[in-house]
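J.: dropping the sequence and predicted coords here.
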Amino acid sequence: MHLVFFGPPGAGKGTQAQRIVADFGIPQISTGDILRAAVANGTTLGKQAGPLMAAGKLVPDELVIGIVEERLKEPDCKKGFLLDGFPRTIPQAQSLEVVLQKQDKRIEHVVSLEVADEVIQERMKGRGRADDSPETVQKRLDEFRKLTAPLKAYYQERGLLRTINGVGSLDEIYASIKQSIGR
Ligand code: ADP
């Protein structure tokens, strides 16, 4: 099973991803988590990405594409994977397609969690992460609308987009996700 979780910051991708991991035994690959670890460890990657993340901007495509390409070579990805927070731009999606083609794989479902901006601002208030101030959240939402939202049409055209209402109980949302991926 090769899945992508798609949606604005605070849509609940990470929470729902954990349930998929537990149910299906595939790894969750979160570029946000990988980048935060790099920042915490003070690596070269972390030094490049840190200031951009703190400003609510996307990090350059080349950096995240490299991360994902390496990660997908790990043996735990053999049975499948769930990408969370990647791809976030059209060039990232195109590179992903090429990387997977080399391994004779392809994405089966892109699960889009739909949540209105006002609901997101409300949710993020409680989270307390460094890049969660209202101003930074707004910047991340703007980046999402500008650079990431066009991916919906991209995956719609390929017949892969599964649109889910991201507002409701965690169980309800998870049930919709499973139904949308035919499980
Ligand atoms: P969110 O809460 O927005 O889902 P993530 O944990 O996915 O946040 O990402 C946090 C930050 O890491 C983003 O705001 C961005 O700066 C950076 N980032 C994560 N994934 C990507 C990506 N695929 N492309 C570019 N930047 C990314």
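T.: Received, thanks.
J.: which parts of this structure are strands?
T.: Chain-ordered strands for the chain, with DSSP state E as the definition, fall at 2-6, 28-30, 81-84, 109-114, 161-165.
J.: quickly note the distance from residue 50 to the ligand.
T.: For residue 50, the distance to the ligand equals 9 Å [Cβ to the nearest ligand atom, to the nearest Å]. C-beta: built from backbone N, CA, C; applies to glycine.
J.: ok, residue 174 next?
T.: The span separating residue 174 from the ligand equals 18 Å under the rule Cβ to the nearest ligand atom.
J.: count the residues that sit near that residue.
T.: The number of residues packed around residue 174, counting by other Cβ atoms under 10 Å, is 18.
J.: can you start the count at 49 instead of 1 from here on
T.: Sure thing, new numbering starts at 49, so read that last one as residue 222.
J.: of all residues in the protein, which one is closest to the ligand?
T.: Closest approach of the chain to the ligand (Cβ to the nearest ligand atom) occurs at residue 80, with a separation of 1.9 Å.
J.: what is the lowest-mean-pLDDT helix or strand in the chain packed up against?
T.: Using mean pLDDT, DSSP states H and E, helix 165-173 stands out as the lowest-scoring helix or strand of the chain, at a mean of 88. Using 3 or more Cβ pairs under 8 Å, 6 or more residues apart in numbering; DSSP states H and E as the contact criterion, the elements in contact with helix 165-173 are helix 182-191.
J.: and the helix it packs on with helix 165-173, angle?
T.: Going by axes from the mean of the first three to the mean of the last three Cα atoms, to 10 degrees, helix 182-191 is angled at 140 degrees with respect to helix 165-173.
J.: buried residues in helix 182-191?
T.: Within helix 182-191, the residues that qualify as buried are 184, 185, 187, 188, 189, 191, counting by 16 or more other Cβ atoms under 10 Å.
J.: now, which of those lie close to the ligand?
T.: If you filter the buried residues of helix 182-191 for contact with the ligand, counting by Cβ under 6 Å from any ligand atom, you are left with residue 188.
J.: save the buried residues of helix 182-191 as a markdown table, and put in pLDDT too.
T.: Formatted as a markdown table, the buried residues of helix 182-191 follow (pLDDT from 0 to 100):
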| residue | pLDDT |
| --- | --- |
| 184 | 91 |
| 185 | 90 |
| 187 | 93 |
| 188 | 93 |
| 189 | 93 |
| 191 | 94 |
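J.: picking that back up, out of the strands of the chain, nearest to residue 199?
T.: Of all the strands of the chain, the one in closest proximity to residue 199, counting by Cβ to Cβ, is strand 50-54 (6.7 Å).
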